[in-house]
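> need a 3D model of the following:
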Amino acid sequence: MNLKEYLQNDVLDFWLKNGIDKENGGIFTCLDQKGNIYGTDKSVWFQGRALWVFCKAYNTIEQREEYLTAAKNIYGFLPKCTDSDGRMFFTVTNDGRELQKRRYYYSETFAAIGCAELYKATKETEVWERAEFYFDVAYRLFTTSGLSIPKVNPENAPFKALAPAMIMLNTAMVLYSAGINREKYEKIIRDCAGEIMYGGYINTEIGAVLESVTINGAFYDSPATRVTNPGHSLECGWFLMSAGIVLKDDSMIAAGKKVIDLAFAIGIDEQYGGVIAFRDVCGMPPVQLEWDMKLWWPQCEGIIAAKMAYNLFVDDVYREKCEELMRYVCNNFADAENGEWYGYLHYDNTPSTTLKGNIFKGPFHLPRMLMLLYVMERDGKVDAFFE
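Below you'll find the predicted structure:
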């Protein structure tokens with residue numbers, strides 16, 4: 001596969017032609033197989049994510065004016081997605097009126113990385129200030145107990161989750177790459193990496209990376225806490241390795257490798273191929289009914305993880321895993337006729353739906369994977385992607 005050509009012609013062009021809202025600003029992600037809009041509600045996650053993608057493509061792959069134009073269009077829509085308290089919504093109408101606001105602060109983290117990457121393209125002070133604003137809102141919620149509504153009663157279920165530390169690690173990495181206030185972001189990167197590495201999530205005795213553990217980092221035997229999400233684990237693994245590369249910290253790289261090895265061991269479907277969605281680490285029935293589905297994004301994270309691990313360790317096991325997953329996605333997820341990927345397959349790889357986007361699927365995991373692979377292929381290493 002010509003990675004640059006596929007990224008630009010089959011993926012980015014699909015969203016540029018079909019998703020950009022030139023009337024109200026922002027991007028639509030509810031697109032069908034051919035790119036027709038089937039719903040005009042907008043995902044706020046994807047305003048930030050798409051902003052990051054188009055800016056990253058401009059900064060790293062090729063300085064096409066259409067990428068920067070789309071990015072500025074989306075950037076101009078962000079204030080409409082922001083409430084009076086500085087928090088962002090989860091979904092909005094096509095013209096930016098609130099539909100739903102959730103307790104999660106991921107809308108803010110994605111807006112922060114999008115603005116930071118746009119700053120790297122434009123060097124406009126106001127853009128950086130907005131990146132820091134969104135980051136600080138998210139970080140305050142991440143670090144301050146009681147500010148965000150807990151998912152379950154913490155007195156009766158004193159658990160902590162992997163995902164917040166993971167996302168904050170990656171968000172701090174992007175802002176660190178802008179070259180401003182690096183001490184601030186390096187400390188956060190190290191703190192988040194330390195929580196992932198030593199917080200009890202990486203459980204070699206069980207043989208999996210746990211999505212949640214007790215506050216003290218112990219395994220708790222319940223259906224909800226026995227869950228492992230192999231795609232998340234693989235993403236977490238390469239996040240740790242990339243942090244180790246940037247900060248020259250071998251312990252982070254080693255921890256990332258351990259995470260990836262555990263995730264591949266438990267997450268690959270040996271019968272039909274690909275990375276499955278969920279597993280119960282004790283072999284009991286998973287509580288997620290979609291446990292056996294194949295989703296697009298875990299495949300992307302698996303390919304990145306395997307490719308990065310191969311570049312770092314030159315072990316053919318990782319090269320073979322990367323090639324195996326690339327064959328799998330090209331045969332099952334990619335739509336050669338219409339561009340982009342299907343998002344959801346059944347266990348046997350038949351499509352569950354032909355949609356190309358929804359509130360949770362848009363231009364992020366796939367173009368990020370293609371850009372990372374292209375940079376590694378072009379440069380022989382991954383460093384430039386994190387600059």
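
> which stretches of the stretch 1-150 of the chain form strands?
Ranges of strands in the stretch 1-150 of the chain, per DSSP state E, counting those that start in this stretch, are 42-43, 91-92, 98-100.

> got the ones you listed as CSV, with mean neighbour count and distance to Cys81 columns?
From N, CA and C alone the C-beta is placed, and that goes for glycine too. Formatted as CSV, these follow (neighbours: other C-beta atoms under 10 Å; distance: least, C-beta to C-beta, whole Å):
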stretch, mean neighbour count, distance to Cys81
strand 42-43, 28, 8
strand 91-92, 20, 6
strand 98-100, 13, 9
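
> now these as a markdown table including distance to Tyr198?
Output for these, formatted as a markdown table (distance: least, C-beta to C-beta, whole Å):
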| stretch | distance to Tyr198 |
| --- | --- |
| strand 42-43 | 34 |
| strand 91-92 | 36 |
| strand 98-100 | 35 |
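
> among those, which is nearest Leu240?
strand 42-43 (27.2 Å; C-beta to C-beta).

> list of residues touching the closest one?
Residues outside strand 42-43 that contact it (C-beta atoms under 8 Å, 6 or more residues apart in numbering) are 21, 26-29, 81, 90-94, 96, 358-360, 362.

> what sits against the residue lying closest to Ile74 once chain neighbours are set aside?
Spatial nearest neighbour of Ile74, chain neighbours left out: Leu51 (4.5 Å); criterion: C-beta to C-beta, 6 or more residues apart in numbering. For Leu51, the residues meeting the contact criterion (C-beta under 8 Å, 6+ apart) are Ala71, Ile74, Tyr75, Leu78, Ala111, Gly114, Cys115, Glu117, Leu118.

> give me the contacts around stretch 209-227.
Stretch 209-227 has contacts (C-beta under 8 Å, 6+ apart) with 158-163, 198-203, 206, 228-229, 232-233, 236, 259, 262-263, 278-282, 284, 286-288.

> narrow the residues you listed to those that are buried.
Buried subset of the contacts of stretch 209-227 (neighbour count, 16 or more other C-beta atoms under 10 Å): 159-160, 162, 199-203, 228-229, 232-233, 236, 259, 262-263, 278-281, 286, 288.

> so where do the helices sit in the chain?
3-5, 13-18, 44-56, 65-75, 106-122, 125-143, 162-177, 182-198, 230-247, 250-267, 296-313, 316-332, 365-379 (DSSP state H).

> and those, which is most packed in?
Ranked by mean neighbour count, the helices of the chain are led by helix 44-56 with a mean of 28 (mean count of other C-beta atoms under 10 Å).

> quick one: average pLDDT of that helix?
Averaged over helix 44-56, pLDDT sits at 98.

> quick one: it to helix 365-379, angle?
Between helix 44-56 and helix 365-379, the angle comes out at 20 degrees (axes from the mean of the first three to the mean of the last three C-alpha atoms, to 10 degrees).

> dump helix 44-56 to PDB, restricted to CA.
What follows is helix 44-56 as a C-alpha-only set of coordinates in PDB (Å, rounded to 0.1, in the frame of the first residue of the first chain):
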ATOM      1  CA  VAL A  44     -17.800  17.400  19.800                       C
ATOM      2  CA  TRP A  45     -15.100  14.800  20.300                       C
ATOM      3  CA  PHE A  46     -14.600  14.900  16.500                       C
ATOM      4  CA  GLN A  47     -14.400  18.600  16.200                       C
ATOM      5  CA  GLY A  48     -11.200  18.400  18.200                       C
ATOM      6  CA  ARG A  49     -10.000  15.100  16.700                       C
ATOM      7  CA  ALA A  50     -10.600  16.200  13.100                       C
ATOM      8  CA  LEU A  51      -8.900  19.500  13.800                       C
ATOM      9  CA  TRP A  52      -5.900  17.600  15.000                       C
ATOM     10  CA  VAL A  53      -5.900  15.300  12.000                       C
ATOM     11  CA  PHE A  54      -6.000  17.900   9.400                       C
ATOM     12  CA  CYS A  55      -3.400  20.000  11.100                       C
ATOM     13  CA  LYS A  56      -1.200  17.000  11.700                       C
END
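
> gap between it and the chain center?
Put simply, helix 44-56 sits 11 Å off its chain's centre (C-alpha atoms, centre = their mean, to the nearest Å).
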